[in-house]
Each structure stands twice: as C-alpha cells, then as structure tokens.
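Colleague: build me a model:
(one chain, ligands or ions: 1)
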Amino acid sequence: MRIDIITVLPELLRSPFDHSIMKRAQEKGLLEVHIHNLRDYSKEKSKQVDDYQFGGGAGMVIKIQPIADCIDDLKSQRNYDEVIYMTPDGELLNQPLCNRMSLYENLIVLCGHYKGIDERLREHYITKEISIGDYVLSGGELAAAVLVDSLGRLLPGVLNDESSALTDSFQDNLLAPPVYTRPSEYNGWKVPDILLSGHAAKIEEWRYSQAVKRTKERRPDLLEE
Ligand code: ADE
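Modeller: Below you'll find the predicted structure:
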C-alpha cells in the first residue's frame, strides 16, 4: 500500500512511522508513506497556502490552488483508490472501515488546518472524509497518523504473528480478552488457572467468554450491531 499525505506541518508526521510495526512494514516494502509539504505547491512568494474566509469570521481557510495542484500531480503518476480528507465531520473511523480500506493500493490523505479547506475541494477532489472521533484536533496530522497506523498493521505480512490482528479488540465486534504474562503470581495476584492448564480448546473458550463479558460491560453498543 502507498499512502501520500498532504500537510502544512510535515515535521509532525516524521516520527510516527519511523518506529516499531510501521517501520518494519516500510522496511519489508509492504507500506510506503510519502509526505508532501503543501507549501511546496504554493504559487505565492511567501509560500502562503491559506486566506481569509469570504463572508468574514475568524480563522483562515486553505486555498484551492496548492491542494489541487498537489493532488493533480500525484494523480498524474498513478491511480488512487480514494482521496481522503481528515475532518471531524467525516465518517467515524472504526475497525470495519479500516479492514475495508486496508485492501486499497494507493491513498491520498489530506490534513486540514485552521478553519478547514475551501468547500469546493471537498466537492470536486475529495472522495472520502474521515473523523477519528467526536472531538476537534488542531490539525489533521495526528488523525492521519492514526489512520495510517490502523491500516498499515492490517497489511498481510506486517505483523509477525499473522493471526494477531484478527484477535484485536473490535474484530468480530468484540473487545479483546485480558492477557497475562510471567510471573504466574505477583503480590498474591494469580493468573486464572485455565491459562496455565495447557488445554488449548478450553483456553479459547475462556477467552471468548471473557471477550463477550468485557464487551457487555464496557461497550454493549458493539453487541447490538
Ligand atoms: N481534524 C481535526 N479534528 C479531527 C478529527 N477528530 N478527526 C479527523 N480529523 C480531524
């Protein structure tokens, strides 16, 4: 998968993909992340990419020209499955959406800033709008990092244990069951006996029942879906 991220703050996106699983995904050639500085596409001497909003009001709006030029440039080089705009009024990101999008080959992810982008870009360039939650961030960069991480780890071959993404919380609409490691007793706090029994089928059954219990307690809405 190739992901092109367009941003006015490229520095914010340098580190999230340079560690751990995202780093390995790129080293294995399974994920490519390209970061584009929107200012490089500005035709103005000052490299400004935003302007006051028509009708008045506080807050700047990102102009059409630099974004349109950047997207046109990328599209002239390859086909993209989606041109995504990260925005709090987009579709809420969840695991089923991540699963579906992890099958794509090429994505453009546009990070908003200030008051947002000129609405005409949303009408004519953006094919999908995604929110990572019902709260407002100061820009789309952290949201884009969340999106890329959630997709990258689903690409076949990225996780060492291939089955491990399947047992995450939210796969099958269930939260993940509790996990334990050594020692089997600490301060008198014991690991459930069943996990030490070596009985694989019974352990699986226990994990499933714990996942259901936890989901009922914490996120009953997932069971209703
Ligand atoms: N930009 C600002 N807030 C955001 C959010 N919650 N999700 C996606 N992009 C955003």
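Colleague: who in the chain is up against the ligand?
Modeller: Selection of the chain residues close to the ligand by Cβ under 6 Å from any ligand atom yields 86-88, 112, 131-133, 135-137, 140, 143. For glycine as for every other residue, the C-beta is placed from the backbone atoms N, C-alpha and C.
Colleague: list only buried entries from the residues you listed.
Modeller: 86-88, 112, 131-132, 137, 140, 143 (16 or more other Cβ atoms under 10 Å).
Colleague: for the protein, just list every one of the helices.
Modeller: 20-27, 64-75, 95-101, 119-124, 141-152, 200-218, 220-224 (DSSP state H).
Colleague: by contact count, what packs against the second one?
Modeller: Put plainly, it is helix 64-75. strand 2-7, strand 106-111, helix 119-124 (3 or more Cβ pairs under 8 Å, 6 or more residues apart in numbering; DSSP states H and E).
Colleague: now, of the ones you listed, which is deepest in the fold?
Modeller: strand 106-111 (a mean of 24; mean count of other Cβ atoms under 10 Å).
Colleague: now that one, how far from the centre of its chain.
Modeller: 11 Å (Cα atoms, centre = their mean, to the nearest Å).
Colleague: any idea how the protein splits into domains?
Modeller: Structurally, the chain divides into domains by automatic domain parsing as follows: 2-152, 167-224.
Colleague: single out the most deeply packed of these.
Modeller: domain 2-152 (a mean of 17).
Colleague: straight-line length of that one, end to end?
Modeller: Chord length of domain 2-152, first to last residue, is 10 Å (Cα to Cα, to the nearest Å).
Colleague: now swap in stretch 56-63 and tell me
Modeller: Rule used - Cα to Cα; the end-to-end distance of stretch 56-63 is 15 Å.
Colleague: and the contacts of it?
Modeller: Residues outside stretch 56-63 that contact it (Cβ atoms under 8 Å, 6 or more residues apart in numbering) are 8, 38, 49-53, 112-118.
Colleague: on that earlier part again, mind giving me TSV with the helices of the chain and columns for mean pLDDT?
Modeller: TSV is the format used below for those (pLDDT from 0 to 100):
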stretch	mean pLDDT
helix 20-27	95
helix 64-75	98
helix 95-101	96
helix 119-124	98
helix 141-152	98
helix 200-218	97
helix 220-224	94
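Colleague: how about those, which one is nearest V179?
Modeller: helix 200-218 (9.1 Å; Cβ to Cβ).
Colleague: so what touches stretch 208-218?
Modeller: Against stretch 208-218 from outside (Cβ under 8 Å, 6+ apart): 173-178, 222-223.
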